[in-house]
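Peer 1: Fold the stuff below for me.
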Amino acid sequence: MNAEILCVGTELLLGEIVNTNAAYLARELAGIGINCYYQTVVGDNPDRLAAALDTALGRADIVITTGGLGPTGDDLTKEIVAAYAGRDLEVHQPSVDHITRIFAASGRPISDNNWKQALMPVGAVVFANDRGTANGLALDIPAVTPDDNTSSTGTSSDSSSKTVILLPGPPREMTAMTQQSVLPFLAAKAQHTLVSHTVRFFGIGESQLESDIPTDLLTSANPTLALYAGEGEVRVRVTASAASADDADRLTQPAIAALKNQFSGKVYGIDVANLETALVQALTAAKLTVATAESCTGGLIASRITSVPGSSDVFGYGLTT
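Peer 2: A predicted model of the protein is given here:
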């Protein structure tokens, strides 16, 4: 099963807002075994939004949208999805009650346009929003077969239906709804779970690392390896897919062991945040302390070490001269 993330908002296209929603959703989808092959951003334009939705549904089993659920005239995501699915919008009484409670608690009057947030496509599963007025929803749409749309060249499975999930744009609302409602909803649909571990290397470049990794590891389909160059280090993400998290985790372990054996002295940590965290952990375990003396770095080394929780147990002082 695969998903596409479709973020709606002209402000995203203009760079006025950083699209943190897509990164968050991609991580959460991977955690429950749903692959994300595409991420799309589209502005608040009904024609372009409908076209982006059509493209996404042609190549994904699940499309998750964020944004466009507000009360104003340019908030059109729900209307476009309902029209695409051929569903009427109807008043959803629990959403009416939800909006009424929020405005009553704030002491503000309800504008007429707020009631559009209480309209839901017929047959939708509604997700409550405990941090805002815009409830989310999930809607199943019959899959388009190649005979129905010969232009479709997507990579989605042969499912009898596709699922569109609509989430609010504000991150605090979106993340809460995802945790409380969307992940349990999707976990019931997912057939596999993905587990990833990150192996961190220091003292070797990305190109040299890739050249030295055994070919059978690099070409393995399950688990897979992905290399990422960072500032002064290289990360290798080892990811496996299985019916359960325990089974997937077991699949990753031989590959991790092979990397540690192949690059003895270069691997400084597994699933550790960064080099300074690994240093503090190693010093703590060995009951050792460290002090620094710096010049042109201006205290940068000390700053990185002391940014790690618990570093005061191993770092006594530093000098910047």
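Peer 1: In the stretch 51-200 of the chain, what residue spans correspond to helices?
Peer 2: 77-85, 93-106, 171-177, 183-187 (DSSP state H, counting those that start in this stretch).
Peer 1: buried residues in the shortest one?
Peer 2: Read that as helix 183-187. 183, 186 (16 or more other CB atoms under 10 Å). Yep, even glycine has a C-beta here, placed from its N, CA and C like the rest.
Peer 1: Just the mean pLDDT for it, thanks.
Peer 2: When pLDDT is averaged along helix 183-187, the result is 91.
Peer 1: what are the C-alpha coordinates of that helix, in PDB please?
Peer 2: Only the C-alpha atoms of helix 183-187 are listed here, as PDB (Å, rounded to 0.1, in the frame of the first residue of the first chain):
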ATOM      1  CA  LEU A 183      -2.800   6.500  12.400                       C
ATOM      2  CA  PRO A 184      -5.300   4.000  14.000                       C
ATOM      3  CA  PHE A 185      -7.500   4.300  11.000                       C
ATOM      4  CA  LEU A 186      -4.600   3.600   8.600                       C
ATOM      5  CA  ALA A 187      -3.000   1.000  10.700                       C
END
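Peer 1: now that helix: how far from the chain's centre is it?
Peer 2: Mean C-alpha position of helix 183-187 versus that of the full chain (CA atoms, centre = their mean, to the nearest Å) differs by 14 Å.
Peer 1: what do you get for the longest one?
Peer 2: Taking CA atoms, centre = their mean, one finds helix 93-106 lying 30 Å from the centre of the chain it belongs to.
Peer 1: Just the residues contacting it, thanks.
Peer 2: 109-110, 114-115, 117-120, 126, 128-129, 132-133, 135 (CB atoms under 8 Å, 6 or more residues apart in numbering).
Peer 1: rerun that using 7 Å as the cut-off
Peer 2: 110, 114, 117-118, 120, 126, 128, 133, 135 (CB atoms under 7 Å, 6 or more residues apart in numbering).
Peer 1: Out of those residues, which sit inside strands?
Peer 2: Assigned to strands by DSSP state E, the following of the contacts of helix 93-106 qualify: 120, 126.
Peer 1: could I get the contacts of helix 93-106 as CSV with distance to Lys266, pLDDT and neighbour count?
Peer 2: Shown next, in CSV, are these (distance: CB to CB, whole Å; pLDDT from 0 to 100; neighbours: other CB atoms under 10 Å):
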residue, distance to Lys266, pLDDT, neighbour count
Ile110, 62, 95, 14
Asn114, 58, 96, 19
Gln117, 54, 97, 23
Ala118, 58, 97, 22
Met120, 55, 98, 24
Val126, 51, 98, 18
Ala128, 49, 96, 14
Thr133, 52, 96, 21
Asn135, 50, 98, 27
